[in-house]
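[1] below: sequence and its predicted model.
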Amino acid sequence: MTVRKAGVIGIGTMGQGIAEMLAFKGLDVYLVDQCADKLAAGISQIELSLDKQIEKWALTQAEKKQVLNRLHPLERIEELAQCEFVIETVTEDLEAKKEIFEKLDRACGPEVILASNTSTLSLTELASVTARPERVIGMHFVYPVYKIDLVEIVRGLQTSDATFERTKQFIEVVTNKKGVMVFESPGFVTTRLICLFINEALHVLEEGVASVEDIDSAMRIGYSFQHGPFEMADRFGLDSVLAALERMFREYGELKYRPSIVLKKMVRAGHLGVKTGIGFFKYDKDGDRT
C-alpha cells in the first residue's frame, strides 16, 4: 500500500501529534482547520515539539526542516481531494463530525478511506451520513502520538474487511505502530479502561485515603506506570476525561462511569491540566511539571 498524501482535519493536540508523526514518516500532510489563526498556532506548536526533540538529540535541524516542509495548511475540506487517506481529529462533537464526514464524502474519491480519531463516538453513526459506510473506520491514536506505538482500529457496523486490512497496513507499515482491532463500543478499550482508572483514583482522593502525590507515586512506582493517574489526567486534559466519562455514563448507564465531583470542580475552575498550566499539578509552557 502506497500512501503519499494524507489529510488531517483539526489542529488541536491530537491533530498536531498525528500530523507531525505522518510528516516525519515521509508523507505530505494536508492540514485543514476553518480558522487560519488556529492553523498557524498549530504549526507553531508542531515546530516547538520538534525543537524539544532537537534539544534531546532525537532529531536534527535538517529533519525538522523536512517535516515542516511536508505540512501544507488548508482552510477548506474540499482541498483534500488529492489525499489518499484522511483522518478527522476535531473535538468530540457528533454533529460537528457528521458535518465534516458529509463534506469529505463529497470531496474525496470513492476509494479514499475516511477515518476518525474519536475515542467515544459511534463510527456507525458517522458512516451513516456518507455514501461509503464500508470505508469509514476509527483510528484512535493515544497521546502523546509520537511516543505511543499503539492505534486502536475501530470497526463500525458496515466497515469492510478490505478497509480494515488497508488501515491496519497503513498503521503498521507507514506509521510503524501496532494496530489492534476493536469493535465499536463507547470508549473502545484504552479510553474506557484508563478513564475508569482515573475516576477510581479520584474517588480514593475524595475518601481521604491518600494525597494526589502519594496516589500517583504508588501507581507509578508500584506498577511501573510512566505517570500516575492524576498526571495522566492532566496530560489528557481534565475536560477530555470528564467528557469521555459523561458520554460512557450516558451510553452504558452504569454508575462506575459517573464522573467524580472533584473532576467536575476542576473543570469548572478551568484547571484542565497541561493545556492551561494547572491541573492536579502545575506545568510550564513546555508541558513539564514545575
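    Good, I have the coordinates.
[2] is it true that Ile43 touches His72?
    No - assessed by C-beta atoms under 8 Å, Ile43 is found out of contact with His72, at 10.0 Å. For glycine as for every other residue, the C-beta is placed from the backbone atoms N, C-alpha and C.
[3] shared neighbours of the two, anything?
    Residues touching both Ile43 and His72 (C-beta atoms under 8 Å, 6 or more residues apart in numbering): Leu31.
[4] where does the stretch 1-150 of the chain have low pLDDT?
    1 (pLDDT under 70).
[5] tell me the contacts of Val129?
    With contact taken as C-beta under 8 Å, 6+ apart, Val129 is in contact with Lys98, Phe101, Glu102, Asp105.
[6] list the contacts of the third one.
    The neighbours of Glu102, taking C-beta under 8 Å, 6+ apart as the test, are Val129, Thr130.
[7] ditto for the last one
    Residues in contact with Asp105, defined by C-beta under 8 Å, 6+ apart, are Leu114, Val129, Thr130, Ala131, Arg132.
[8] let's see 6 Å
    Applying C-beta atoms under 6 Å, 6 or more residues apart in numbering, we find Asp105 in contact with Thr130, Ala131.
[9] quick one: it and Ala81, what's the gap?
    The gap separating Asp105 from Ala81 is 12 Å, by C-beta to C-beta, to the nearest Å.
[10] one more: Ala107?
    Ala107 sits 5 Å away from Ala81, taking C-beta to C-beta as the criterion.
[11] so what's the spatially most central residue of the chain up against?
    Taking C-alpha atoms, centre = their mean, the centroid of the chain lies closest to Met14, which sits 4.1 Å from it. If you count contacts by C-beta under 6 Å, 6+ apart, Met14 has them with Thr89, Asn117.
[12] what's the spacing between the helix or strand harbouring it and its chain's center?
    Using DSSP states H and E, Met14 falls within helix 13-24. Here helix 13-24 is found 10 Å from its chain centre; the criterion is C-alpha atoms, centre = their mean, to the nearest Å.
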